[in-house]
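> Quick one: sequence plus predicted model below, questions after.
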Amino acid sequence: MRLLVVEDEPRLLRSLAQALRENGYAVDTAENGPEGLYKAQQLDYDAVLLDVMLPQIDGWTVLGTLRRQKSTPVLMLTARDAACDRVRGLDTGADDYLVKPFDLSELFARIRALIRRSTGQVNPRITLGDVTLDTRARAVVRAGQPVALTAREYAILEFLALHRGEVVSRRTLYEHLFDENDDTLSNLIDVHVFSIRKKLRPGLIATRRGQGYCVEAEPPA
Amino acid sequence: MIRPTLPGRLLAWIALLLAGLLAGIGLAAYQWIRSERLARLDEALRQRTAVLAGDLRFWSAGPARGFFPAGPWPGPRSGTSPVGEGAAATDAREAPAPLPARPAEDGNRPAQSGTHVREAEVRVFRPGFAASLLFGEADVDDHYYAAWDSSGHQLLRSADAPGDLPRPEEPKAPGRPVMAERAGARECSYLSTRGERVLVGLPLAGHQAALRRSAWWIGGAAGGVLALGLGGSWFLARRALQPLDAIGAAADRIAAGNLAARIEVRDPRDELGHLAAVLNRTFARLETTLNEQRRFTADASHEMRTPLAVIIAEAQAALARPRSGGEYRATLETCLEAAQDMRRLVGALLDLARLESGVDAVPHATLDLAELAAAGAELVRPLAEPRQIQLERQLAPVLLAGDPARLRQVIVNLLDNAIHYNFDRGTVRITTRREGGWAVLEVADTGRGIAPEHQAHVFRRFYRADAARSRAANRTGLGLAIVQAVVEAHSGRITLASQLGLGTTVTIRLPVLADPPPPASSA
């Protein structure tokens, strides 16, 4: 999952980005409105964390401009907690609203819920045959046995599982799993997929030659 | 339900005043009517008395006085029936009655009366024609009369005269009619120079009934006027005071939290319209102040929340998993920085609150502005040097009274801004001088300047002129607000002139010390 954090307080931006990366997200950052807007327009982020009080272009304007082009899930972060501010945020098209200071655990839960909703997934658990993903704990269980995946492997599996039934190109996977500072080569994804297949089940992720990878939509059992 | 409302009180006063006035006028009118009626009544009595007295004089002056038979007078008709007053009355009444028939032939002349009297064998006094006309029939005219000769014998007595009619007392001035009131009747008595007495009376019952009727009329009219006046006053009072209700309603709405409520001004020229306009202006200022306060509170909480968010996020992230000592150290450093930001902000907010509430009276020590400026410049030198910003000083000593710590804060804040918003290798010039009654401090920079649309707002709390404001450390957004508050606490003035790209000059004028102490030693 790739996130964009737009926040003008450098220390908060740094610690947020670090905490999110440690939770398996790929994180891009922007310190002002124009930069944030540009990045959000260029890439399909899984979610955007947007501060309201931003230099040059404020959060409302960024959100309004972005909404004319994209429906990227946006979580507004703000130090203003007046009801009218919250209402304005939601009315402008924000998907959620969090008042500073916030707990990281709440922020993470809201981001997970935001991404889940945007992919049409309601349940935090995703079941693929005998393989179950717990998106809260970022853990995978196969036939009742926990399976240890690396953070990268889990991220790839989760993204494919959330978009199951779709063919996901390597480029898309790359865009959503690595942030702007990552210089990992794209072919490393094949290595990770190979490893996932070995740890779980060979047929779990199908390779569509020349197109990408796909996790089959499970027929309702 | 009776409430002591303003119209009610007004009305009570008007009622009191009106009732007093009407009572006065009514009483005067009644008195006037009474005296007028009494005068008319007396006139009629006097007239009748005069006529009767004339008749009597004429009768008694008759030539056959010597032939008067001896014996008691009055004559057989009135005198011989002492028992039956009624009979005597009938006679007396009948006596004048036949008169009119006869003298009608030769006119109303006393001579005829005399002739007529003389014709009678018994000299019975009978009123003349004029008298008979005046008195008329008993049931038409209520006047009664009686006459006595000089010896006290009753010569005549009308039928409707009261039975106990006494002979009038000897009046003090004979020959003039005397008015008196007796037993519910008004009487006029006359004593002729010869000693004959005439009395004409009128029972006052009719007069009193008429007076009562007048009193009722006056009372009724006064009541009507009072009712009309009160009704009109009530209407007018309600109408005039209606704007007060509107004012009260608007004040209620504002008290209930609707700060935008205003009073509808109907006529701004009258007193209530003026009051409404004044109140509206007050409400507007109140609204502005409260909105500003609200905005300030929101801004302050915003400024506090950001460092708090840093501390919480940083600490929670650090605690999420085991870290190396270096990582913990970095986390603690970030938290410390954020906490220090908060401390600075709290300090600045407290400063502002103290200055604005006027809790701290400004201590008035005698200070040299030039010394303060030099000390301030020395303090900010470490900020200017790394960016190669020149600090120019043109300091002329000027004495003033004030709080040294606060004024130093002002100078440092201004210099800090001038350095912070300056270009590298720019110049900051600090000047002190005396201009008339003012000690002037000027801080000029060669920085990027402030756009005209922001210049009016830079002294507002948390207002940041540059859109690309940086959250650099040490900038609370309250610096200029504190400067302004300190200057105002010193009864000074602050002005700002700026040109985009060229720089900003802040000028502070403080009242110079009234009479500076003579310099101890002039250099």
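Ah, there it is.

> I'd say residue B:18 and residue B:229 touch.
Yes - Residue B:18 lies in contact with residue B:229 (CB atoms under 8 Å); the separation is 4.9 Å. Quick note: C-beta positions are derived from backbone N, CA and C, even for glycine.

> quick one, what contacts residue B:396?
Residues near residue B:396 by CB atoms under 8 Å, 6 or more residues apart in numbering or on different chains: B:370, B:432, B:433, B:434.

> tell me which parts of chain A are close to chain B?
Residues of chain A lying close to chain B (CB under 8 Å from any CB of the partner chain) are A:8-12, A:14-16, A:18-19, A:22, A:32, A:53, A:55-56, A:79-82, A:99-105.

> out of these, which are inside helices?
Counting by DSSP state H, these place A:10, A:11, A:12, A:14, A:15, A:16, A:18, A:19, A:22, A:104, A:105 in helices.

> Now do the helix or strand of chain A with the lowest mean pLDDT: everything it contacts.
In chain A, no helix or strand scores lower on mean pLDDT, DSSP states H and E than helix A:83-92, which sits at a mean of 76. Contacts to helix A:83-92, defined as CB under 8 Å, 6+ apart, come from residues A:52, A:60, A:63, A:64, A:67, A:76, A:78, A:97, A:99.

> how about the residues you listed, which pair is most distant?
Pairwise distances across the contacts of helix A:83-92 (CB to CB) peak at 21.3 Å, for the pair A:67 and A:99.

> With neighbour count and pLDDT as added columns, please give the ones in helices among the residues of chain A next to chain B in TSV.
Below are those laid out as TSV (neighbours: other CB atoms under 10 Å in any protein chain shown; pLDDT from 0 to 100):
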residue	neighbour count	pLDDT
A:10	15	87
A:11	22	87
A:12	27	89
A:14	19	89
A:15	27	89
A:16	26	91
A:18	18	89
A:19	20	90
A:22	13	87
A:104	20	91
A:105	10	90
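
> Could you export these as CSV, including distance to residue B:294?
As requested, these are exported to CSV (distance: CB to CB, whole Å):
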residue, distance to residue B:294
A:10, 29
A:11, 28
A:12, 25
A:14, 32
A:15, 31
A:16, 29
A:18, 36
A:19, 33
A:22, 39
A:104, 30
A:105, 32
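
> where do the helices sit along chain B?
Assigned by DSSP H, chain B shows helices spanning B:6-60, B:76-79, B:85-94, B:110-119, B:129-135, B:205-255, B:271-319, B:325-357, B:369-384, B:404-420, B:452-455, B:479-489.

> where among the ones you listed is the average confidence lowest?
Mean pLDDT per stretch puts helix B:76-79 lowest among those, at a mean of 36.

> mind listing the strands in the stretch 51-200 of chain B by residue range?
Taking DSSP state E, counting those that start in this stretch as the test, the strands found in the stretch 51-200 of chain B are B:144-148, B:154-157, B:178-182, B:185-191, B:197-203.

> closest one to residue B:422 among the ones you listed?
Within the strands of the stretch 51-200 of chain B, the stretch nearest residue B:422 is strand B:178-182; the backing value is 114.8 Å (CB to CB).

> buried residues in the closest one?
Neighbour-count burial for strand B:178-182, counted by 16 or more other CB atoms under 10 Å in any protein chain shown, picks out B:178, B:182.

> cool, stretch A:84-92 as well?
Buried residues in stretch A:84-92, counted by 16+ other CB under 10 Å: A:85, A:86, A:88, A:89, A:92.

> wait, which of those residues is closest to residue B:440?
Once CB to CB is applied, the member of those that ends up nearest residue B:440 is residue A:85, at 43.4 Å.

> How much space separates that closest one from residue B:373?
Residue A:85 sits 43 Å away from residue B:373, going by CB to CB, to the nearest Å.

> same thing with residue A:130?
As judged by CB to CB, residue A:130 and residue B:373 stand 80 Å apart.

> Most neighbours of all the contacts of residue B:396, which one?
Each of the contacts of residue B:396 was scored for neighbours by other CB atoms under 10 Å in any protein chain shown, and residue B:432 scores highest at 24 neighbours.

> residues in contact with it?
B:369, B:370, B:373, B:394, B:395, B:396, B:397, B:398, B:439, B:440, B:441, B:442.

> Pick out whichever of those residues sits closest to residue B:319.
Lowest distance from residue B:319 to those (CB to CB) belongs to residue B:373, with 48.8 Å.

> So for residue A:65, what's the nearest residue that isn't a sequence neighbour?
Leaving out its chain neighbours, the residue that sits closest to residue A:65 by CB to CB, 6 or more residues apart in numbering or on different chains is residue A:37, at 5.8 Å.

> so the one you found sits in a helix?
Yes - with DSSP: H, G, I helix; E, B strand; the rest coil as the criterion, residue A:37 is part of a helix.

> Now do the contacts for it.
A:57, A:62, A:65, A:66.

> what's the answer for residue B:425, then?
Contacts of residue B:425 (CB under 8 Å, 6+ apart): B:387, B:388, B:389, B:390.

> and the residues you listed, which are buried?
Among the contacts of residue B:425, those buried by neighbour count (16+ other CB under 10 Å) are residue B:389.

> quick one: the strands in chain A?
Taking DSSP state E as the criterion, chain A carries its strands at A:2-6, A:26-30, A:47-51, A:74-78, A:96-99, A:125-128, A:131-134, A:139-142, A:145-147, A:167-168, A:206-208, A:212-214.
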